[in-house]
Structure formats: C-alpha cells, structure tokens
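Student: below are the sequence and a predicted model for it; my questions follow.
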Amino acid sequence: MKLFKLLLACACGAALLSLACGGIGKLGSAPPSNTAANTNTSGAAATPSNSSGTAAPETGVEKVKPSPGTGNVQGKVLYNGKPATGIEVKLCEKFNRFFGGCSGQTFTAKTDADGDYVITNVPPASYEGLMARVFDTNDYVFATTGLGGLSTPKYEVAADKTLFVRATNLFKSDLKILNPKAGSKVSAQGLELKWQEYPDAAYYKLSLYPSEASVTSPYIGQRVEAATFALDKPLPKGEYRIEIEAYNDSDQKIAESPDDIKFTATE
C-alpha cells in the first residue's frame, strides 16, 4: 500500500492525495526523469504564487467575519464545473508531499451547497498545505507550484482578514483500464489500448511511463478523443505504467486511472 497518493494530498497519517488547484501531481510519484513530463495542468485551477512561493490572494465577499486576532481562509470546491457539497477542506501548518504529509496545527471546514468553505479562527501565520478531500475517499487535492508541481505554495493568514483562494477542481481516480490488464505481457506490435468511457469526458490524455531509466516513452500526454488508442509509434520492450486522464469540454480534469497499472511490452 502506498503511503500517499496525489491522486495527486495528504491527510495526517497514510492517506492518499489527489491535486487540483495548480499543478497536479501524485504524492511520491513524480513523472519519471527519463520521460518528458506532461506539464499541462488544465485539469486544475492553478493558484498563482509570487516569487517567494506564496499563494497570490484572490478577491471575494466574506461569508464570515474573522474573530479578533485571527484570520479566515475562504474558497470554493468544484467537480466537473459544479459545486461539490460536503467536502472536507484542510489547512496544514506544515506539509511534506513525500514524507509525513500534513503536520503541525491543522484547521478544517466543509463546503456548503454552493461548494464554498470558510476555515475560521486561524492564528496568523504562514501555512504550507491546503487540501480538499475527494468526496468520501481517502484522496485529497491540493494547490501546488514550482517545477513539475513538486512544491506547495505557502498561505499567509493575517489577523482580522480573510484570505481568499482560487477554486479547487476535484478529480477522481476511478477510470477503468480494459486493455492491457495489470501485470500482463503483451506484444507492442498492433497493441490497442482500451478503457471504459468516462461520464462527461470530452477527451483523454494517455501516458506510458517506462520503468527503465534508459527507455524513452513515445507516449506522454497523448491526446485521445475516444476510449481506445492503437499504438502508432514503436514502443521499446520493457515494463510500463499506463495512465489515462479524462477531461471535460472545459478542459478540466475529472478523472484518472489508478497509478499502479503496469504491463510489459515484449516486442
């Protein structure tokens, strides 16, 4: 069992994470260095940050006034462009994507019928993680910044003020791959990849990540319009991890396949 999954965020302990405000990335599983990373993060509403790595504040209307001497954090959570209700949102004093996850003081809130949340009575300080649970799973999404989405922005909470943050777009990790099967050995010649059509998906992105550092994959972030794709480029022999992402017609990521589906190309 993985310690964390960023889908692409982290609950205290061994929970898995999913990302969606900013670059999305799986905890502990950055794209292999021997392949070109798919840096298109259109599935997530990016949270801007300044040169110091601090999340740039948004503007909005306060739903709740901060208590004297404390601050609030206010935002919205969406899924497939619609408000996500009853979603747990967590603000972490400390956050490490690879080890320990969320630590120090933590503050939580849940979204209302409009997908809005307000984390109240937060002591003024710099906070390292802000995450939203993906419905009733152990997956979270969080805002990231930096090269390859390897770091998270800091959230500066000031006394007697509300920090507004950009909307978080959730995505699920339940897209089912039909071919090849996990652990199978297949011929790369004439291989046709298949997956289950995802509701409201307008298109998909396909990536094949090789396990061997010496192998370069010809398929990273390949856009596919249907739920099937016949390989049209030579695929070197070896083991690969397959990843399929589903996007809606607003270019928002709504789902991806589990990140442990691997197969071996024999020729």
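Tutor: Done, it's in.

Student: what pairs with Y240 across the strands?
Tutor: Beta-bridge pairing of Y240 under DSSP bridges involves P210, F263.

Student: ok, F229 next?
Tutor: L193.

Student: ok, now which ones touch it?
Tutor: Residues in contact with F229, defined by Cβ atoms under 8 Å, 6 or more residues apart in numbering, are E192, L193, L206, Q222. In short, each C-beta sits where N, CA and C put it, glycine included.

Student: and the buried ones among those residues, selectable in PyMOL?
Tutor: This is how PyMOL selects the buried members of the contacts of F229, with burial counted by 16 or more other Cβ atoms under 10 Å:
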select buried, resi 193+206+222
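
Student: would TSV of the contacts of F229 with distance to A132 be doable?
Tutor: Formatted as TSV, those follow (distance: Cβ to Cβ, whole Å):
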residue	distance to A132
E192	36
L193	31
L206	26
Q222	28
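
Student: which among the contacts of F229 gets closest to D136?
Tutor: Set against D136, the nearest of these by Cβ to Cβ is L206 (28.3 Å).

Student: hang on, isn't the closest one packed against R241?
Tutor: No - between L206 and R241 there is no contact under Cβ atoms under 8 Å: 11.9 Å.

Student: where's Y117, which helix or strand?
Tutor: strand 116-122 (DSSP states H and E).

Student: next structured bit after that strand?
Tutor: Next element after strand 116-122 (DSSP H and E): strand 125-127.

Student: now do the buried residues in that next one.
Tutor: So for strand 125-127, counting by 16+ other Cβ under 10 Å, buried means Y127.

Student: this completes my enquiry, with thanks.
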